[in-house]
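In: Test case, fold it:
(one chain, ligands or ions: 1)
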Amino acid sequence: MNQSYKPIIWKDEKLFLLDQRLLPQTETFVEVNDLKSCAAAITDMVVRGAPCIGFTAIYGMALWVKNQTTLSLESCRAACDEMINARPTAVNLSFEVNRCFEFMMSYVKEGRSAAELYKKLVEFGHQQINESHNKNTTMAQIGVKELMGRIGDRKWRLMTHCNTGFLACGSLGTALGVISYANSLGKVEYVLADETRPYMQGTRLTAFELAKENIPYSIVVEGAASYLLSHNKVDAIFVGADRIAANGDTANKVGTSTLAIVAKHYGVPFYVVAPVSSFDTSIPDGKHIEIEMRPMTEITELRGIKLAPEGAQAINPSFDVTDHQFITGIICEKGFINPQNPSELVKVVNS
Ligand code: MRU
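Out: Here you go, the predicted structure:
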């Protein structure tokens, strides 16, 4: 488990973000000084992964408060909305920013200064990142217990999609946290990491994390899922989530839904691992989730190299929604949820 590698650093009242666009070839940090540059870093995916987007936004709100001489509820709300609009699908962003707004409301109502509120928000950012480690550890333990019961005492062949490790979560990770913890117990034979087109979070980031932790892995293309699963190469699949609706429908990186459908077809258990901050029980099902559409150039080009013919069109939904019927279990820090039992989810998440 890697705890020394940090995608978000708060130092000397400044925010530094590991530029994930350049990984794994270059490890460099971008300095962020205000709300606009923070929101832009989220939109441009300097920082990414649902939990890390949320944590970054807390510091962004702190920086905004720091730059104010006076505060009003209206200006606070407008600033929060500007941050929330940076990316639409991961609910962690609005979850954390709306918690910032609650502090703003009480500080403004009590007539406390911007300097005091700034301090509070910075502390809140630290607290959320620190707590995430314990939450991720709990989820990892639940995931390993589930596999012990289901597969038993041999080494496991695991598969994952996108990147859900410390780069996405600030510590340990969600789905990758389960894998990392299982590996620390000597339980992992190998991991298959989906390359995760078009942004290559699997090839660039998950492989980077697995290599740093010396976990045996191979990168596979998404199109190989049917071959790999039908040839009995995978015991279980773990993915993260960007927004989970009240019925368990789950938005996650595009390609997740296809993988879940193939997994169900071949009888491979498929798990979603995400903290409570990734649940949105205000929406009944996945049809209510806004899917972010990203620029065509993420498909037609690769780091500035043109792949497609001049003028080629592309469609780039960044996420899809996996119907809960294809999900074997959802793991959050409050426990294991059976998505086939719809009332269970809201009960566990609100417990
Ligand atoms: O577009 P990204 O890279 O920010 O995508 C978010 C994700 O990393 C994944 O969808 C992930 O599975 C959920 S975040 C742990």
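In: if I pick residue 171, what's in contact with it?
Out: 3, 129, 132-133, 136 (C-beta atoms under 8 Å, 6 or more residues apart in numbering). In short, each C-beta sits where N, CA and C put it, glycine included.
In: Okay, now the unreliable bits of this structure?
Out: Along the chain, the parts satisfying pLDDT under 70 run over 1-5.
In: can I see the domain layout of it?
Out: Under the assignment automatic domain parsing, the domains of the chain span 3-130, 135-349.
In: Using a markdown table, lay out those domains together with distance to the ligand.
Out: Below are those laid out as a markdown table (distance: least, C-beta to the nearest ligand atom, whole Å):
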| stretch | distance to the ligand |
| --- | --- |
| domain 3-130 | 3 |
| domain 135-349 | 3 |
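In: Can you point out the buried residues in the longest helix seen in the chain?
Out: The longest helix of the chain (DSSP state H) is helix 114-150. Neighbour-count burial for helix 114-150 flags 114, 117-118, 120-122, 124-125, 128-129, 132-133, 135-140, 142-144, 146-147 (criterion: 16 or more other C-beta atoms under 10 Å).
In: which secondary structure elements does the very next helix or strand once past it contact?
Out: Using DSSP states H and E, the helix or strand that follows helix 114-150 towards the C-terminus is strand 156-160. Under the contact criterion of 3 or more C-beta pairs under 8 Å, 6 or more residues apart in numbering; DSSP states H and E, strand 156-160 touches helix 175-184, strand 188-194, strand 236-239.
In: quick check: angle from strand 156-160 to helix 175-184?
Out: 160 degrees (axes from the mean of the first three to the mean of the last three C-alpha atoms, to 10 degrees).
In: Let's see strand 156-160 as PDB, backbone CA atoms only.
Out: Extracted C-alpha coordinates of strand 156-160, given in PDB (Å, rounded to 0.1, in the frame of the first residue of the first chain):
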ATOM      1  CA  TRP A 156      -7.200 -14.500  -7.100                       C
ATOM      2  CA  ARG A 157      -7.100 -13.300 -10.700                       C
ATOM      3  CA  LEU A 158      -8.700  -9.900 -10.600                       C
ATOM      4  CA  MET A 159      -9.700  -7.300 -13.200                       C
ATOM      5  CA  THR A 160     -10.400  -3.600 -13.000                       C
END
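In: quick one: contacts for residue 216?
Out: By C-beta under 8 Å, 6+ apart, the contact set of residue 216 is 188-191.
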